[in-house]
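In: Give me a 3D structure for the following:
(2 chains)
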Amino acid sequence: MPIRPALLAALAAAPALAAPPQSPTSASGTPDALVRFAPDSAAVWIESRAHGPLLEEGLEHPAVSALLELPGVRESLDNPPEDVLLAGWSLLGADPLEVAHDLTADGVGVAFVLSRRGPRPVLVARGTSDEDAYEDALEAVTHALVNIQLAKPVSAKRCKGLGVLEAWSFTGTRRAGLARVDERTLIVAQDPADLEDALEHGRRGGIPKDMVRHLQAAAHGEADVFAWFDLDRFYESGSDLDEFSAMPWDPGAQIFLGPVLSHFGGASEASVALRLGGNAWTAELLGTGRARKGADVLFPDEERADALLQKLPSDLAYLELHRDVGALLANRTDLVGARKLPGLAEAVGNIGLLAGGPDAADALIAALEPDWTVLVHPIEFGETPTPDVPLPALTLVARLADPEKNEARFLQAFQSGAALIGADRAQKGEPNVLLGVEMMSGIPVYKATLDPPGEGAAVDLAYNLSPGCCVIDGVAVLGTHYRAVRSAAERLRGGHDHAPKPAAPGPRRGIDRVAIDGPAFTELLAQNRELLTTRAVLVEGKPRDRAEAEFDLVLALAKRIGRIELTTDGTVRPARNLSARLTVELVDR
Amino acid sequence: MRHTSTAGASFDAADAHHVLRRVGFGADADRVERAVDEGLDATLDQLLGATSHDPAETPHLFGDGFDRILSLGDLTALQSRWMALLLGNGAPLLERVTLMWHDHFATSNAKVGDVRLMHRQNELLRDRGLGDFRALLHAMAKDPAMLVWLDGNQNRVGSPNENFAREVMELFGLGIEGGYTEGDIQEAARAFSGWGVQGRKFVFREEHHDRGEKRLFGRGGVRSGEDAIDRVLAHPACPRWIARRLLEEFVSPEPEAELVARHARALAADDWHVGRAIERIVRDPAFLAPSARRARIAGPVELVARTLISTRADVAPLDAVRAAGVMGQTLFLPPSVKGWDGGRTWIDPGTWLARHNWLTEFALADGLDGSAAFGRTDRAGAPDAVARVLLPDGIDDEMRASLERAARSAHSDGHAVHRVAALVLTSPEYHLA
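Out: Numbers count the residues shown, from 1 in each chain, chains lettered A, B, ... in the order given. From the prediction side, this is the model:
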């Protein structure tokens, strides 16, 4: 059962937030959601309704059996799962999976309250509507807890006014316990204050107001698992999230992750809603909170040009990115943290060396319009030596502003950069860099290649780099391999009948879109099995058999992936409203 | 228990620790016990005889698999490999000598920027480090990483680059007080002109070589770089400098002049064989003399390796490399051509804090298996069990009282062992080698 109906029911009760506290009676009489029992002080709330089939089918569930069949999984377990189930059976006097199912059939949620000693969980479980089954399951668990002296029954009167029907207290000092708050809802907490907070909150029947938008989005996406995080609480608690919270001020994060993902670091609240469909898994991320003045220059206008290229099946990955590096530089004192400014200045200075001076660097960067397309695809080496570890090529395609002026500047920077690298290599006696140019339908494609290595010598990673660049109809193409540049230029020209097509009418185009071809990625991974496992042995100090088993597990999982797509969208003004959607399409083995 | 060696001297656990710590990087309790049982001579024979690794035991560190890793250009792989060889403890003397020569012929990847060249140099030090020093110096002079590091490619007739010539005298062959002049450096630079690197190989560019005769140390007759190195090797300061280097490593940071002179003479007379020179040193009474015990401050790599080996800890080699790096010694990245200053400079407030933090975390939080390292013990026995492995020379009353207090206030026997270990590892005594 998806989470949606329960969440919608909870949202129906949401207006009660602003209203005076409801009486226990009225609250319990409302169709509600587990989240209303999340303590006010919770920094995390995770709720699942996807576990039902897992508990019903147990080890026979296709996902569980597939997981257990994966290489190395069974070996990594301390005890075989069958033994664990048998032990549970003997403790409960009943099938532990059936008991768990009956206690959580209509949902289970866990809140975490942050404290100096670490997060304290509060579990909320709603069981099956089959009253007899629920009573049996509850009895099995509470009897077992009492028998092993982990808990003892206490009078529900101690929780007077909080709607508690039955209660058990954990043994030991200052320990909370289990409270049954209606016919089939159980709350478990370690700390008495948390339990009281949960019961009180449940009595009022409200939902934390910052969570409402996130719940709405999750309900809309029919989430199976929903997780919500109060990031402000994490920051206040001194959690080690400095790098995450600094991302919106980090030019590296802004360029690599893009405006949306980097600004998640400044969100007050964030949530993830997972939808586990048969052939596709989707994760919706939402970040909300304070506006960030000035940073909106990094986000695109409503009206955006179409992507310069379409994705081809041969692309290992295809990325449409919005990176307004010119705006970032122009507003660097506002948009970049003080500690990151020197590094940025140095990077711009280095680009200035290539472009003909610091001003030229700013001008060159600003000339690159912010809608980029990046293509990743394998290279057929042959014209250049095949590296020992062949990697796919990356090609950046972006429109140049004022191409008449900036085309020469762009091409000049490429050649200067290649020449500088060549000079450094010559200093070390490394194979030289050869600059060259080839014509493609009247368009010069500039390239830099390395002299072949000596006979019998290793063909290093550097041989993956035979960079090239060209400008075609005002569009700059720059790639790690000139063959990839040539291919992108042909696509731009429509030589392969893959010229840009008018965008189909539909929803607004997001900010970033990344599509990765699963099988191609898996093949690349498989090709480098020996290399990557040896590296894990060497660098991480893992035993070889464990490194191989872990790699094979990753590979087996990767083989199930047909395609991965990530899209992002959002704004930081008038309020921070960020979203990202990750879709993993699965294929049958 | 004390045993008597064939030479008649007694040999106890403290002696065994000293030998294993100085010739290698320490040992666990079993190895120390075995050394005591077998005696000094047999232990030295084993240490001096283990001069190569068995690739079959760690195939990932050798051959094609590792060579392919080098294609990634990842220095961490190279650093991990070396640390894995160190921690494997299969050829402790070989690795100690390789580390010593890495400091002596300090070359940094920060400038070389080529892990293949660094790997080749590292293997060169391993292959030749225990052999004829003359061959080692000649080989190092033509080592591509060294030539890149000291700008060999820029040394040409009419515009000699003195970097390599200066270091051959000041650091590699004669020492700063070796009796050479600026003129000697300039003349040697002429001799090395035309030496360079092409395609990761040494290349002699005759057209860039100064063919004229050079005068070194007041005598003519030097024409080539090889001649210049031979002339350095023939200088009386050279065997003294190398013997001193070996004595600093194995005996004391300030060896007596007579000891240096004696071993210098023997080195030169014995075909400059480093392995045999070390054997003479470790069989010299000075090696086991009280003044040689705990006379050196352990460098970070030595300290980390000793800690992990003696406690049988299972820590990823790269983590060990990083730990040593934070303490001031990152493999393949010496700070300058002089290498690491070492000695007292290993310890300053920052590096002491780094040592303290890493060792404390190792002992209390992550890495140390108390039972594996020290055997099963209760809190009362924890001070002796830990000291037996980590400070076998003994502990004074004040320290014993501290350890006992720490053990008593622990919440369990296991915790007591970890607390005591943390105190011992962070005691000043432990940082002496």
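
In: Going by C-alpha atoms from here, please, whenever you check contacts or count neighbours.
Out: Will do.

In: quick one, longest helix in the chain?
Out: All of this refers to chain A. helix A:403-427 (DSSP state H).

In: The chain in question should be chain B.
Out: When every helix of chain B is counted residue by residue (DSSP H), the longest turns out to be helix B:349-364.

In: ok, then the element right after it?
Out: Next in sequence after helix B:349-364, counting helices and strands by DSSP states H and E, comes helix B:370-374.

In: Tabulate the CA atom coordinates of that next one in PDB.
Out: Coordinates of each C-alpha in helix B:370-374 appear next as PDB, following Å, rounded to 0.1, in the frame of the first residue of the first chain:
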ATOM      1  CA  GLY B 370      43.800  -5.600  23.200                       C
ATOM      2  CA  SER B 371      43.800  -9.400  23.400                       C
ATOM      3  CA  ALA B 372      45.700  -9.800  20.100                       C
ATOM      4  CA  ALA B 373      48.300  -7.300  21.100                       C
ATOM      5  CA  PHE B 374      48.900  -8.000  24.700                       C
END
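
In: contacting residues around it?
Out: With contacts defined as C-alpha atoms under 8 Å, 6 or more residues apart in numbering or on different chains, helix B:370-374 is touched by B:28-29, B:310-313, B:376-377, B:385-386, B:389, B:414, B:417-418.

In: For the longest helix of chain B, which outside residues touch it?
Out: Contacts of helix B:349-364 (C-alpha under 8 Å, 6+ apart): B:323, B:326-328, B:368, B:418-419, B:421-423, B:425-426.

In: now it, how far from the centre of its chain.
Out: Distance, stretch centre to chain centre, for helix B:349-364: 21 Å (C-alpha atoms, centre = their mean, to the nearest Å).

In: Give the rounded mean pLDDT of that helix.
Out: The average pLDDT within helix B:349-364 is 95.

In: Please point out which parts of it sit buried.
Out: The neighbour-count check on helix B:349-364 (16 or more other C-alpha atoms under 10 Å in any protein chain shown) flags B:351-352, B:354-360, B:362-364 as buried.

In: got the residues of chain A near chain B?
Out: Applying C-alpha under 8 Å from any C-alpha of the partner chain, one finds that chain A approaches chain B through A:388-389, A:427-431, A:453-454, A:458-461, A:530-531, A:534-535, A:537-542.

In: Of those residues, just the buried ones, PyMOL syntax please.
Out: Filtering the residues of chain A next to chain B down to the buried ones (16+ other C-alpha under 10 Å) takes a single PyMOL command:
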select buried, chain A and resi 388+389+427+428+429+430+431+453+459+460+461+530+531+534+535+537+538+539+540+541+542
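
In: Helices - which of the residues of chain A next to chain B land there?
Out: Using DSSP H, A:427, A:530-531, A:534-535, A:537-540 are the members of these that sit in helices.

In: Could you identify which of the contacts of helix B:349-364 has the most neighbours?
Out: Most neighbours among the contacts of helix B:349-364, by other C-alpha atoms under 10 Å in any protein chain shown: residue B:421, with 31 neighbours.

In: Would you confirm that that one contacts residue B:386?
Out: Yes - using C-alpha atoms under 8 Å, residue B:421 is in contact with residue B:386, at 6.1 Å.

In: ok, now how distant is whatever residue of the stretch 301-450 of chain A ends up closest to chain B from residue B:177?
Out: Going by C-alpha to the nearest C-alpha, chain B is nearest to residue A:429 of the stretch 301-450 of chain A, at 4.1 Å. According to C-alpha to C-alpha, to the nearest Å, residue A:429 and residue B:177 sit 34 Å apart.

In: Let me see the ranges of the strands in the stretch 101-250 of chain A.
Out: Under the criterion DSSP state E, counting those that start in this stretch, the stretch 101-250 of chain A contains strands at A:108-113, A:120-126, A:151-154, A:166-170, A:177-182, A:185-189, A:225-230.

In: so what secondary structure elements neighbour the fifth one?
Out: By that I understand strand A:177-182. strand A:166-170, strand A:185-189, helix A:192-204 (3 or more C-alpha pairs under 8 Å, 6 or more residues apart in numbering or on different chains; DSSP states H and E).

In: mind listing what's buried in the last one?
Out: Spelled out, that is helix A:192-204. Applying a neighbour-count criterion of 16+ other C-alpha under 10 Å, one finds A:194-204 buried in helix A:192-204.

In: So what's the residue count around the nearest residue to residue B:344 once chain neighbours are set aside?
Out: In space, and not counting its chain neighbours, residue B:344 is closest to residue B:297: 6.8 Å by C-alpha to C-alpha, 6 or more residues apart in numbering or on different chains. Other residues within reach of residue B:297, judged by other C-alpha under 10 Å, total 21.

In: Confirm for me that residue B:297 is in contact with residue B:343.
Out: Yes - counting by C-alpha under 8 Å, residue B:297 touches residue B:343, with 5.7 Å between them.

In: So whichever residue of the stretch 301-433 of chain B sits closest to chain A versus residue B:109, what's the distance?
Out: In the stretch 301-433 of chain B, the residue found nearest to chain A is residue B:316; the distance is 4.3 Å by C-alpha to the nearest C-alpha. Spatial separation of residue B:316 from residue B:109 under the definition C-alpha to C-alpha is 22 Å.

In: Tell me where the model's unsure across chain A.
Out: For chain A, residues meeting the criterion pLDDT under 70 lie at A:1-32, A:71, A:158-162, A:173-174, A:208, A:220-221, A:358, A:495-508, A:589.

In: low pLDDT regions in chain B?
Out: Along chain B, segments meeting pLDDT under 70 span B:1-9.

In: got the residues of it near chain A?
Out: Contacts of chain B with chain A, taken as C-alpha under 8 Å from any C-alpha, map to B:60-61, B:65-66, B:68-69, B:71-73, B:76-77, B:80-81, B:84, B:112, B:148, B:151, B:153-154, B:196-200, B:315-318.

In: So for residue A:311, what's the nearest residue that isn't a sequence neighbour?
Out: Ranked by C-alpha to C-alpha, 6+ apart and with sequence neighbours excluded, the top spatial neighbour of residue A:311 is residue A:318, at 6.0 Å.

In: Tell me which residues are up against the strand or helix carrying that neighbour.
Out: Per DSSP H and E: residue A:318 is located in strand A:317-322. Around strand A:317-322, the neighbours that count as contacts under C-alpha under 8 Å, 6+ apart are A:258-259, A:299-300, A:307, A:311, A:370-377, A:511-517.
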